[in-house]
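> any chance you could fold what I've pasted below:
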Amino acid sequence: MRTMKANGPMTRIALSVGLSLVAAVAYVGDARSDGETTPGGVAAVYGHVAPDQVEFLSTPERIISVASSGGASAIWEALEHGEKVECLECIPAVSPLLYHENPENREIAAWWLRRRIFGVFGPGEVYEQTLNTLKSDPSPQRRAYAASAIGEFLAAPGIAACAQAITSDADPTVRAAAASALGRLNDDGAGAIARALGDGDGRVKLAALASIGRITGFADKDSVGNLLTDGDAKVRRRAVEVLDGMYARDKVAGVITLAKSDPDADVRLAACHALGKFGDPSAKSALESIAANDANTFVRDQATIALRRL
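As a prediction, the model looks like this:
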C-alpha cells in the first residue's frame, strides 16, 4: 500500500478545501446586526441574496436599543437573532419587557432570558425577582404577567409558585395566568389544576382546561366531568372536548345528556363528536334521535357521523 506524499495532489486538494472553509467562516463572522457587512463576505456566503434579506446576529447594542424603544417586531427580531449572544448588560434592558402591555414582547423577553447562562437564575436575579412578583406584588396585572413569564422560563421552581397562586391569589386573572403557566410547565402542580377546575371564575376553569391538553399523563376525569353541568356554555363545551381527548368513556352518560338537551348548539356538537369517539353502544338511541330531530343542521350531521363510528 502506498502512502501519499506530503506534497502530492490529494494533500493540495485537502488543503485547498480547508482554506475555503476557514474563509467561509470568516465571511459569516463579518455579518453584523446593524446591517453593515463586508461585501465580499455576504456575497461569498449568501450569493446573490440582497443584503437586507440576510439574517444578522444581534449585537448587544442592538438588543439594548430596541428593548428600550423599539416596537414589537423589532424587539422580536433582535432577541430572536440574539439567542446565543451573552450580554450581561442587556439583561436589565430586556427584563422589564416581562411586564410590557404587548403579550408578544413578554413572550420573547422570557424566551431570551431563559437562555442566559449568567445573570438570570442566580439569587436575587431576574427569575427570583419574577417569583417574588407573583407572590407579593400589589398589582394584579403584574402578578399575572409574572405568572405567564414563569411558565415561559420552564424552570421547576415555578411549579410550586403557580400552584400557590391558584390556591391563594385573590384575583381571578392571576389564578388563570398561573393555571396557564402550569400547562406550559407540563405539570399539574400537585393537584392545583384540579383545584382550578373548581374555581368560581370561568376564566380560571377555561385556563385549567386548556392546560390539561399540555400536561402529560393528566388523568383526573372526575374533576373535568364535574364541569359538564357548569353554568357557562364555554366551560361545558371545553370540558366535553377535554373528555373527548381523554377518551373518557365512563363519562358517557353526562355527555349524552348534553348532546340531547344542552341549550347551546356548540356544546351539543362537541358532545356528539365525543360520543362517536367513545364508541359506546349506549349512545345509539340518543344519537339517532338527535340526527333526526335536532334544530341545528351541524349537530344533526355530527350525530349521523357519530352513529357510523359506533
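
> got the phi and psi for the most centrally placed residue in the chain?
The centroid of the chain falls nearest to residue 184 when counting by CA atoms, centre = their mean (5.8 Å). The phi/psi pair for residue 184 (degrees, to the nearest 10) reads phi -60, psi -30.

> give the full set of residues in contact with it.
By CB atoms under 8 Å, 6 or more residues apart in numbering, residue 184 lies in contact with 151, 152, 154, 211, 214. Bear in mind the C-beta positions are built from the backbone N, C-alpha and C, glycine included.

> residue 65: what secondary structure?
Three-state assignment for residue 65 (DSSP: H, G, I helix; E, B strand; the rest coil): helix.

> how many neighbours does it have?
16 (other CB atoms under 10 Å).

> and it, how far is that from residue 150?
Residue 65 sits 27 Å away from residue 150, going by CB to CB, to the nearest Å.

> what does residue 167 give?
Distance from residue 167 to residue 150, counting by CB to CB: 15 Å.

> more neighbours: these two, which one.
Taking other CB under 10 Å, residue 167 and residue 150 do not tie; residue 150 has more neighbours (29 against 14).

> which residues touch the more buried one?
Contacts of residue 150 by CB under 8 Å, 6+ apart are 130, 131, 134, 158, 161, 162, 181, 185.

> and if we set it to 7 Å?
130, 131, 134, 158, 161, 162, 181 (CB atoms under 7 Å, 6 or more residues apart in numbering).

> quick check: mean pLDDT across the helix or strand hosting it?
Using DSSP states H and E, residue 150 falls within helix 140-153. Per-residue pLDDT values over helix 140-153 give a mean of 98.

> C-terminal to that helix, what's the next element?
For helix 140-153, the following helix or strand on the C-terminal side (DSSP H and E) is helix 157-168.

> may I have that following helix as CSV, with CA atoms only?
The C-alpha trace of helix 157-168 is given here as CSV (Å, rounded to 0.1, in the frame of the first residue of the first chain):
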residue,chain,number,x,y,z
PRO,A,157,-39.4,26.3,41.0
GLY,A,158,-42.2,27.9,39.1
ILE,A,159,-44.5,24.9,39.6
ALA,A,160,-44.9,25.5,43.3
ALA,A,161,-45.2,29.2,42.8
CYS,A,162,-48.0,28.9,40.3
ALA,A,163,-49.8,26.2,42.4
GLN,A,164,-49.7,28.6,45.4
ALA,A,165,-51.1,31.4,43.3
ILE,A,166,-54.0,29.2,42.1
THR,A,167,-54.8,28.4,45.8
SER,A,168,-54.4,31.8,47.4
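
> report the distance from it to the chain centre.
How far helix 157-168 lies from its chain's middle: 18 Å, per CA atoms, centre = their mean, to the nearest Å.

> got the domain ranges for the protein?
Taking automatic domain parsing as the criterion, the chain consists of the domains 121-218, 219-310.

> for residue 77, find the nearest of those.
Closest approach to residue 77 among these (CB to CB): domain 121-218, 18.3 Å.

> ok now that closest one, how far from the chain's centre?
Chain-centre distance of domain 121-218: 13 Å, with CA atoms, centre = their mean.

> likewise stretch 213-225?
With CA atoms, centre = their mean as the basis, stretch 213-225 stands 18 Å off its chain's centre.

> in it, what's buried?
Using 16 or more other CB atoms under 10 Å as the test for burial, stretch 213-225 gives 215, 218, 221, 223, 224, 225.
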